[in-house]
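In: pasting the structure only:
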């Protein structure tokens, strides 16, 4: 069929081999040491930057089959790319469970939640479920989801987000670094959503201050520093 006048024809889908070649072309072996210092697992990584992964994702388009192939490689960059091109409408709960169990780095966890999982019909359900799990990156995924939903889900009311505050309180006792930081992230993003949630998040942080737990006290202090700041308060008033 001849494309409509004035419109460019849609590009041909990229093959798995073409995508892997793009990843190899954009590899940055010199960046791996620095990535590792930030706690990123680089055992199977090319070191492709996130901006370059986004460029490749734009060329590849949404492609469920290709995303699955990329995920199966076990290569760090390929898996992040898979989260960018996967079709959230075709993601099942079973797939989410398979993928979350393979998280081996905080950035893969966060990218998957931001790029993909938050857009699925199961995002809220999994955010609650994974908060009770013991695996470090599965539990982190719960709070990464909460944080990204607080930013991007514009339809859900404040009351629904307040349900997460009890979940945050329970998880605040977990002193593992990647869990603790994600719990803090979730509390801060909820508290920046609107004035009601700001007040609720500040009250929750005040409760965490009183808990005899190093992680709870750190989460509270860091959250309050931002949520009570003049910058955030002024933004919420507007």
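Out: It's in. On a predicted model such as this, the values are computed, not experimentally measured, just so you know.
In: what packs against the top helix by length along the chain?
Out: Secondary structure of the chain read by DSSP state H shows that its longest helix is helix 136-152. Helices and strands touching helix 136-152, by 3 or more CB pairs under 8 Å, 6 or more residues apart in numbering; DSSP states H and E, are helix 93-100, helix 106-115, helix 123-130, helix 158-171, helix 177-191. Where you see a C-beta, it was placed from the backbone N, CA and C, and this is true even at glycine.
In: Also compute the angle for it relative to helix 106-115, please.
Out: Interaxial angle, helix 136-152 versus helix 106-115 (axes from the mean of the first three to the mean of the last three CA atoms, to 10 degrees): 40 degrees.
In: Can you give the distance from helix 136-152 to the centre of its chain?
Out: Centre-to-centre, helix 136-152 and its host chain are 6 Å apart (CA atoms, centre = their mean, to the nearest Å).
In: same deal with stretch 201-213?
Out: Distance, centroid of stretch 201-213 to centroid of chain: 25 Å (CA atoms, centre = their mean).
In: same question, stretch 89-99
Out: A distance of 15 Å separates the centroid of the chain from that of stretch 89-99, by CA atoms, centre = their mean.
In: ok, and what's touching it?
Out: When contacts are defined by CB atoms under 8 Å, 6 or more residues apart in numbering, stretch 89-99 is touched by residues 64, 71, 112, 116, 117, 120, 122, 125, 126.
In: follow-up on the earlier one: between the helices and strands packed on helix 136-152, which gets nearest to residue 144?
Out: Comparison of the helices and strands packed on helix 136-152 against residue 144 by CB to CB identifies helix 106-115 as nearest, at 4.0 Å.
In: which residues sit against that closest one?
Out: The contact list for helix 106-115 (CB under 8 Å, 6+ apart) reads 39-41, 50, 76, 79-80, 83-84, 99-100, 103, 137, 140-141, 144-145, 148, 178, 181.
In: And stretch 62-81, by the same measure?
Out: 13-16, 19-20, 23, 40-48, 50, 53, 56-57, 60, 82-83, 85-87, 90, 99, 102, 105, 107-108, 111-112.
In: among the residues you listed, which ones are buried?
Out: Those of these that meet the buried threshold are 14, 16, 19-20, 23, 40, 42, 45-48, 53, 56-57, 60, 82-83, 85-86, 99, 105, 107-108, 111-112, by 16 or more other CB atoms under 10 Å.
In: Which of these fall within strands?
Out: Among the buried ones among the contacts of stretch 62-81, the subset assigned to strands under DSSP state E is empty.
In: Tell me which of these fall in helices.
Out: Short answer: these in helices (DSSP H) are 16, 19-20, 23, 53, 56-57, 60, 82-83, 85, 99, 107-108, 111-112.
In: between those, which is nearest residue 210?
Out: Nearest to residue 210, judged by CB to CB, of those is residue 107 at 33.0 Å.
In: Break the chain into its domains for me.
Out: With domains defined by automatic domain parsing, the chain comprises 10-86, 105-238.
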